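Trainee: predicted coordinates and the sequence they were generated for:
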Amino acid sequence: MKLSYPTYLLPALALLAACNSQPTTTASTAATKTTAAGADSITAATIGGYLREVSSNEMMGRKPFTQGEEKATAYLAAQFKELGLKPAPSGSYFQPVPMVEISVKPAPTAQIAGNGKKLTLNYKDDYVVFSQREQPTVSVQNSPLVFAGYGVVAPEYGWDDYAGLDVKGKTVVVLVNDPGNAGNDTTFFKGKAMTYYGRWTYKYEEAARHGAAGLLIVHDTKPAAYPWSVVLSGAVGPKLRPQTEDKGASKCAVEGWLTLDAAKRLFKAAGQNYDQLYTAANTKGFRARPLGGLTFSTSLQNQLRRQTSKNVLAVLPGTTRADEYIIYSAHWDHFGVGKAIANDSIYNGAVDDGTGLAALLSIAKAFTEAPQKPARSIVFLAVTGEEQGLLGSAYYAQHPPFPLNKTVADLNMDMLWPFGKMKDLTVIGYGQSELESYAQAAAKAQGRYILPDQQPETGMFYRSDHFSFAHVGVPSLYASGGYESREKGKEYIAQKRQEYTTNYYHKPADQFDPSWDLSGIAQDAQLYFEVGKKLASETTFPQWKEGSEFKSVKR
């Protein structure tokens, strides 16, 4: 969805003033006062006070590079300061996150040619392309096409789709998802559960590491877990990318997708059969192959705008192990002011992720009010750019204010359900780390049970900010109640989730509703508080489990 937004920003002096003065309206005054200590001080009223503020129309949808960013980040920093939390080692509550906004205008067609064959692909109908290279014009011309299965190099599974293959200057065509998705063997990769190797972001990274000029992913709705319309909406309109020293030169010139129909026509022109290639790509020992001497040509124009967004962070210093850190994270960004739906153009982002921010602030408040301070330091991190591809958390992970080898864990909160208390605690990416044991103990104390991710094939573990920490080796937890209401059962929650997905998700309608039952969000925040409290009292570090693709990552 192409969004419009204000082109002005609040002056920096106004931001600093907001951060260094008491806010006129704060959640701490709006929420019901409590004298309870620890987790019990996290209440639905506290959650509601913060949630009402961060998702209000005044926050203008919290989009990076807009007045909404300035308002939201100033509010968060003021809350951290009011709670008595310390800023980052830089002396600021803000971590600058340099980004570049790339608006792509592709050529209307792409050409496939070679061996007397010619095939024209139409933009949007047959393919989409984009580029992370920060230059006005990007093109690939007569780039040899090669099919490389899933585009996966996974030593722990004995799998290498690039074995013996030189793709420098070539355009690689790969399948969506990973090899485990095609069969019923749960020990092969992770069966139907997507691994990181199935994510499109990984495929682009791996192709770039091998020097490919282009990478095209064949879209198929079932293994992708979303229709072509989702690919299309994600490809058009301006995209935020992290600024890099090489200005994206290390990336593939062209990244993109092919429809399944276009891919079948391409393979046929190459004298290949899609079904046979698919079968071969799912067979151990598969070797990549050229596509019949065919080449790929297309171009695109980029408009570039460089800006700096910001993460907001604060720390509660530990008492005896202050140089070891536990991170609580949630993203502050949403989609700003955009296309009006039902006469409303503000994308408030109340559930996504105002709920996570409200939980983050409530947990911070509980820690600062607890009579016993934690032995380890607690970091509270509200990140930018999640909706654009986990940009703020990825930047933190690459430029950590607190050392990663001293970071115990990341506890991430994203989209908590405002439908009352739950019986379950659903752990996304269940089976990854020992943090699940901590969550299970805290859940049991609340009379809840652990539920593994109910849709592991969608790769949700790789789609929120905890993944940025997992990617650099920090064990991460992403969990919440999501499938069984304590009072109304499973069908009620299934209905409410579907209703939210259809009518509210990423729409202006996702705004604060006074009738919401926030006791379930408070329940999740209390659980996260207990997990962090337990981690803060220990001297050991939780570990990745056998079989996790992050176990071997050094930090």
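Mentor: Structure's in. What do you need?
Trainee: what sits against the residue nearest the centre of the chain?
Mentor: What sits nearest the mean C-alpha location of the chain, by Cα atoms, centre = their mean, is residue 464, with 3.0 Å. Taking Cβ atoms under 8 Å, 6 or more residues apart in numbering, we find residue 464 in contact with 331, 386, 390, 412, 414, 428, 478. Yep, even glycine has a C-beta here, placed from its N, CA and C like the rest.
Trainee: over to residue 385?
Mentor: Shown in contact with residue 385 (Cβ under 8 Å, 6+ apart): 64, 97, 99, 240, 309, 331, 333, 391-392, 395.
Trainee: just these: which are in strands?
Mentor: 97, 99, 240, 309, 331 (DSSP state E).
Trainee: closest to residue 452 out of those?
Mentor: Using Cβ to Cβ, residue 331 comes nearest to residue 452 of the ones in strands among the contacts of residue 385, at 23.8 Å.
Trainee: quick check: residue 232 vs residue 353, distance?
Mentor: Counting by Cβ to Cβ, to the nearest Å, the gap from residue 232 to residue 353 is 24 Å.
Trainee: likewise residue 127?
Mentor: Separation of residue 127 from residue 353 (Cβ to Cβ): 32 Å.
Trainee: so between these two, which is more surrounded?
Mentor: More crowded of residue 127 and residue 353, by other Cβ atoms under 10 Å: residue 353, with 30 against 24.
Trainee: I figured that one hits residue 415, correct?
Mentor: Yes: using Cβ atoms under 8 Å, residue 353 is in contact with residue 415, at 6.1 Å.
Trainee: for the contacts of residue 385, which entry has the maximal number of neighbours?
Mentor: Counting by other Cβ under 10 Å, top hit in these: residue 392 with 31 neighbours.
Trainee: residue ranges with poor pLDDT in this structure?
Mentor: For the chain, the stretches with pLDDT under 70 are 1-36.
Trainee: now with 50, please.
Mentor: 1-35 (pLDDT under 50).
Trainee: longest helix in it, by residue count?
Mentor: Criterion DSSP state H: the longest helix present in the chain is helix 519-536.
Trainee: list the buried residues in it.
Mentor: Across helix 519-536, burial judged by 16 or more other Cβ atoms under 10 Å covers 519-533, 535-536.
Trainee: so residue 481 sits right up against residue 526, yeah?
Mentor: No: applying Cβ under 8 Å, one finds residue 481 not in contact with residue 526, separated by 11.3 Å.
Trainee: please compute how far stretch 99-107 lies from its chain's middle.
Mentor: Centroid displacement of stretch 99-107 relative to its chain, using Cα atoms, centre = their mean, to the nearest Å, is 20 Å.
Trainee: cool, stretch 288-297 as well?
Mentor: Distance of stretch 288-297 from the chain centroid (Cα atoms, centre = their mean) equals 33 Å.
Trainee: what do you get for stretch 262-277?
Mentor: Centroid displacement of stretch 262-277 relative to its chain, using Cα atoms, centre = their mean, is 33 Å.
Trainee: got it, and stretch 120-134?
Mentor: In terms of Cα atoms, centre = their mean, the centre of stretch 120-134 is found 23 Å from the chain centre.
Trainee: name the surrounding residues that touch that stretch.
Mentor: For stretch 120-134, using Cβ under 8 Å, 6+ apart, the contacting residues are 100, 102, 104, 106-112, 138, 214, 216, 231-232, 235-236, 239, 241, 243, 247-249, 251-259, 261-262, 298, 300, 302, 304.
Trainee: buried residues of it, list them for me.
Mentor: If you call a residue buried by 16+ other Cβ under 10 Å, then stretch 120-134 has these buried ones: 121, 123, 126-134.
Trainee: quick one: the helices in the stretch 301-450 of the chain?
Mentor: 355-369, 391-398, 435-445 (DSSP state H, counting those that start in this stretch).
Trainee: which ones are touching residue 290?
Mentor: Contacts of residue 290 by Cβ under 8 Å, 6+ apart are 144-147.
Trainee: nearest to residue 267 among these?
Mentor: residue 147 (7.7 Å).
Trainee: from residue 256, how far off is the closest one?
Mentor: Taking Cβ to Cβ, one finds residue 147 at 15 Å from residue 256.
Trainee: residue 86 bridge partners, please.
Mentor: Taking DSSP bridges, one obtains residue 315 as the residues bridged to residue 86.
Trainee: now residue 410
Mentor: Here residue 410, judged by DSSP bridges, has bridge partners residue 327, residue 476.
Trainee: assign residue 457 to helix, strand or coil.
Mentor: Assigned by DSSP: H, G, I helix; E, B strand; the rest coil, the conformation of residue 457 is helix.
Trainee: ok, residue 498 next?
Mentor: helix.
Trainee: gap between it and residue 505?
Mentor: From residue 498 over to residue 505 the distance is 10 Å, taken as Cβ to Cβ.
Trainee: ok, the two, which is more surrounded?
Mentor: Neighbours were counted for residue 498 and for residue 505 using other Cβ under 10 Å; residue 505 has more, 14 against 10.
Trainee: surely the more buried one is within a strand?
Mentor: No: assigned with three-state DSSP, residue 505 falls outside any strand and is coil.
Trainee: got the contact list for it?
Mentor: 351-352 are the contacts of residue 505 under Cβ under 8 Å, 6+ apart.
Trainee: residue 252: what secondary structure?
Mentor: From three-state DSSP, the assignment for residue 252 is coil.
Trainee: for it, what are its contacts?
Mentor: So residue 252 contacts 131, 204, 207-208, 212-215 (Cβ under 8 Å, 6+ apart).
Trainee: can we see that at 10 Å?
Mentor: 131-133, 138, 140, 167, 171-172, 203-205, 207-216 (Cβ atoms under 10 Å, 6 or more residues apart in numbering).
Trainee: now do residue 152
Mentor: Neighbouring residues of residue 152 by Cβ under 10 Å, 6+ apart: 159-162, 174-175, 177-179, 189, 195-198, 202-203, 206, 281.
Trainee: which of the three states applies to the closest residue to it other than its chain neighbours?
Mentor: Nearest residue to residue 152 in three dimensions, chain neighbours excluded: residue 197, at 4.5 Å (Cβ to Cβ, 6 or more residues apart in numbering). Assigned by three-state DSSP, the conformation of residue 197 is helix.
Trainee: my guess is residue 346 contacts residue 60. True?
Mentor: Yes: taking Cβ atoms under 10 Å as the definition, residue 346 is a contact partner of residue 60 at 6.3 Å.
Trainee: and for those two, which residues touch both?
Mentor: Residues touching both residue 346 and residue 60 (Cβ under 10 Å, 6+ apart) are 68, 334, 336-337.
Trainee: what's the farthest-apart pair in those?
Mentor: Spatial extent of the shared contacts of residue 346 and residue 60 (Cβ to Cβ) is set by the pair 334 and 337 at 10.4 Å.
Trainee: more crowded one of the two?
Mentor: residue 334 (27 against 20).
Trainee: what sits against that one?
Mentor: For residue 334, the contact set (Cβ under 10 Å, 6+ apart) comprises 54-55, 59-64, 68, 72, 346-350, 352-354, 386-387, 506, 510.
Trainee: what do you get for residue 441?
Mentor: Residue 441 touches 450, 527, 530-531, 534, counting by Cβ under 10 Å, 6+ apart.
Trainee: with distance to residue 422 added, can I get those in TSV?
Mentor: Below are the contacts of residue 441 laid out as TSV (distance: Cβ to Cβ, whole Å):
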residue	distance to residue 422
450	12
527	10
530	16
531	16
534	21
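Trainee: farthest pair within those residues?
Mentor: Among the contacts of residue 441, 450 and 534 lie farthest apart (Cβ to Cβ), at 15.9 Å.
Trainee: can you select the buried ones from the contacts of stretch 120-134 in ChimeraX?
Mentor: Only the buried members of the contacts of stretch 120-134 enter the following ChimeraX selection, criterion being 16+ other Cβ under 10 Å:
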select :100,102,104,106,110,112,138,214,216,231,235,236,239,241,248,251,252,253,254,255,256,257,258,259,262,298,300,302
